[in-house]
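> from the sequence below, what's the structure:
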Amino acid sequence: MTSIGTDKTTQQIGKVIWAENLCKKFGAFTAVDHISFEIEKGEIFGFLGANGAGKTTAMRMLTGLSKPTSGKGVVAGFDINTQSEQIKKNIGYMSQKFALYEDLKVWENIRLYAGIYGVPKKEIAPRTDDLLHRLGFEKEKDTLVKSLPLGWKQKLAFSVAIFHEPKIVFLDEPTGGVDPAARRNFWEMIYQAADRGITVFVTTHYMDEAEYCNRVSIMVDGRIDALDTPKNLKDQFNASTMDEVFHHLARKSTRNAD
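Below you'll find the predicted structure:
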């Protein structure tokens, strides 16, 4: 199936992610309430919201895991309503739990995910060796993943998620439970990926990390209540930190669960 990237409207927009009036309902409950936004290639986009805001539901629609009730969207050139399988092949994904196989060795995890993501067989071995070298994991290649420190697991999981050089990587609370030094190192990896043209879509509950994003959206009760650069949002709400901005908006929430 071909990409809808040849569609005139999509060409005019020229965005890696585009959503228009995206809505998801579960019975009478509206989890995502007609949200619209665009994200450019290589952008680091922060997707924030308190528990119950709807950000997880929105991410599931964008990653092809859930169909919208209504609205339109394009991710990596593919329609979220009709081309979910193509979307899955052109994105990377990393969750807070990392999704690594604990009882496999480091190199086995890399090669397993390379195969899942469709990396050509002849390229897997040399690219695995290159990744181990870049991570400084040569001595740990035969180590079981469950034996690695948390920060090392995090680096490995992110590297695996972008091993196939996807157009977009979705990071769902990727630094939860990791110490500040490891979080800073992880964000250096994010910047390096963005410099290579990979678009980064990240959810986080650490407001200092929101400061690292090019732009930030903040969801409240299924709607996007604010979307701009961190600097502009702080100016708009007369705040000195993104934490102040977030709490100013989140206190309007009436929901308790996502």
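> phi, psi for residue 179 please.
Dihedral angles of residue 179 (phi, psi; degrees, to the nearest 10) stand at phi -70, psi 160.
> what of residue 105?
phi -70, psi 170.
> what ranges do the strands span in the stretch 101-250 of the chain?
Assigned by DSSP state E, counting those that start in this stretch, the strands in the stretch 101-250 of the chain fall at 168-172, 199-203, 215-220, 223-228.
> off-centre distance for stretch 242-255?
22 Å (C-alpha atoms, centre = their mean, to the nearest Å).
> same list (the strands of the stretch 101-250 of the chain) but as TSV, adding mean pLDDT.
Shown next, in TSV, are the strands of the stretch 101-250 of the chain (pLDDT from 0 to 100):
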stretch	mean pLDDT
strand 168-172	95
strand 199-203	96
strand 215-220	96
strand 223-228	96
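> of all these, which one is nearest residue 133?
Closest of the strands of the stretch 101-250 of the chain to residue 133 is strand 168-172, at 21.2 Å (criterion: C-beta to C-beta). For the C-beta atoms, the positions are set from N, CA and C on the backbone; glycine is no exception.
> out of the strands of the stretch 101-250 of the chain, flag the one nearest residue 99.
Once the strands of the stretch 101-250 of the chain are compared by C-beta to C-beta, strand 168-172 is nearest, at 10.2 Å.
> give me the contact list for that closest one.
Strand 168-172 is contacted from outside by 16-17, 56, 59, 62-63, 75-76, 90-96, 158, 161-162, 190, 193, 198-203, using C-beta atoms under 8 Å, 6 or more residues apart in numbering.
> which element is residue 21 on?
Using DSSP states H and E, residue 21 sits in strand 17-26.
> in its sheet, what does that strand sit against?
Pairing partners of strand 17-26, with direction, according to DSSP bridges: strand 29-39 (antiparallel), strand 70-75 (antiparallel).
> quick revisit: ok, which of the strands of the stretch 101-250 of the chain comes nearest residue 136?
Closest among those, using C-beta to C-beta: strand 168-172, at 21.3 Å.
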